[in-house]
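**Student:** okay, predicted coordinates and the sequence, questions at the end:
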Amino acid sequence: YPWGYDGDNGPDQWHKNYPTAKGRHQSPIEINNKEVHYDRSLLPWFASYDPGAAKTILNNGKTCRVVFDDSFDRSVLRGGPLQGVYRLRQLHFHWGSSDDHGSEHVVNGVRYAGELHLLHWNPKYSNYLDAVRRTDGIAVLAIFLQVGKTPKPEMKRILEEINAIKTKGKEAPFPNFDPSILFPKSHDYWTYHGSFTTPPCEECITWIVLREPIIVSSDQMAKLRTLSKNAENEPNLPLVDNWRPTQPRYFRMVSASFL
Ligand SMILES: NS(=O)(=O)c1nccs1
Ligand SMILES: [Zn+2]
């Protein structure tokens, strides 16, 4: 079923074809200091990524995604709230139509210009599709994009490829890339149990949301907005505002790794 982010197939309608979208463990959520619980037993998280695992970059009409070889424990995330290692499968972005919004998670009322998601799956399950059916199947590391004067040079590599994947379905080789170069200095994080922020919205994700945003320039955000959600031979529809509004937290605890 075609779902999207606006009008009749937007986030408020997703539940009609994807009933889980109205579940009790949906993402994204608002993270408010007053409701966060500092958990001193939370461990630091570690990413050990092999640059050689990077394969391609693509525009799927919904986001810009970089895909990695996840056929063995080649690029993994471990520690933090996680048991064992989780395999890096892909990274992608969410962004707005202007710099004052675009992130999915909202921190103390602050919306960032965008949000980077690095998706990992638990290899204790036989494959990715099996992992998305398990509450501990997926781990997503989320990093906010904040607009500032001194852009992160490491974002350049991804943005240089944008011209090759302008329209839906376009894909380009993206070899030799270690996404940990995009990480901010601090590894402080919040963590909670939630879902995919896109349909079918399975509730299988341990979210690890970094407190420190990475700084991108307004031009870099504008570059992302030059992507189109239509295919090459269709009328141009800018790919912008591909973020889901925050969902009810219900009885979930958001834990912080920092005081
Ligand atoms: N935005 S997300 O990381 O929850 C995601 N949706 C589909 C694949 S990965
Ligand atoms: Zn995402």
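**Tutor:** Right, received. Where do you want to start? Ligands and ions are numbered 1, 2, ... in the order given.
**Student:** residues near Pro44, how many?
**Tutor:** Pro44 is flanked by 10 other residues according to other CB atoms under 10 Å. Placement of C-beta: from N, CA and C, glycine included.
**Student:** list the contacts for it?
**Tutor:** Gly79, Gly80, His187, Ser257 (CB atoms under 8 Å, 6 or more residues apart in numbering).
**Student:** Arg74 now?
**Tutor:** Counting by CB under 8 Å, 6+ apart, Arg74 has contacts Asp50, Gly52, Ala53, Phe68, Arg87, Leu88.
**Student:** isn't there a helix covering the second one?
**Tutor:** Going back to what we said before, that points to Gly52. Yes. Gly52: assigned to a helix according to DSSP: H, G, I helix; E, B strand; the rest coil.
**Student:** what's the helix or strand of the chain with the lowest mean pLDDT packed up against?
**Tutor:** Lowest on mean pLDDT, DSSP states H and E among the helices and strands of the chain sits helix 156-160, with a mean of 95. When contacts are defined as 3 or more CB pairs under 8 Å, 6 or more residues apart in numbering; DSSP states H and E, helix 156-160 packs onto helix 218-224.
**Student:** hmm, back to that, in the least confident helix or strand of the chain, what's buried?
**Tutor:** Arg157, Ile158, Leu159 (16 or more other CB atoms under 10 Å).
**Student:** do the same with stretch 78-86
**Tutor:** Within stretch 78-86, the residues that count as buried by 16+ other CB under 10 Å are Arg78, Gly79, Gly80, Pro81, Leu82, Val85, Tyr86.
**Student:** mind checking how far the third one is from His37?
**Tutor:** According to CB to CB, to the nearest Å, Gly80 and His37 sit 15 Å apart.
**Student:** wait, doesn't His94 sit right on Cys64?
**Tutor:** No. If you go by CB atoms under 8 Å, His94 and Cys64 don't touch, sitting 10.0 Å apart.
**Student:** re the thing from before, if you rank the contacts of Arg74 by neighbours, which is first?
**Tutor:** When neighbours are counted by other CB under 10 Å, Leu88 leads these with 30 neighbours.
**Student:** so what's it closest to, chain neighbours aside?
**Tutor:** Of all residues not flanking Leu88 in the chain, Ser75 sits nearest, at 3.9 Å (CB to CB, 6 or more residues apart in numbering).
**Student:** secondary structure class of Trp207, three-state.
**Tutor:** Quick answer, by three-state DSSP: Trp207 is strand.
**Student:** and it, what does it touch?
**Tutor:** Trp207 neighbours (CB under 8 Å, 6+ apart): Ser27, His105, Ala139, Val140, Ala142, Trp190, Thr191, Tyr192, His193, Gly194.
**Student:** could you rerun that using 7 Å?
**Tutor:** With contact taken as CB atoms under 7 Å, 6 or more residues apart in numbering, Trp207 is in contact with Ser27, Val140, Ala142, Thr191, Tyr192, Gly194.
**Student:** closest to Ala113 among these?
**Tutor:** Minimum separation from Ala113 among these (CB to CB) is found for Ala142, which lies at 14.0 Å.
**Student:** I'd say Leu145 and Ala113 touch.
**Tutor:** Yes. Using CB atoms under 7 Å, Leu145 is in contact with Ala113, at 5.2 Å.
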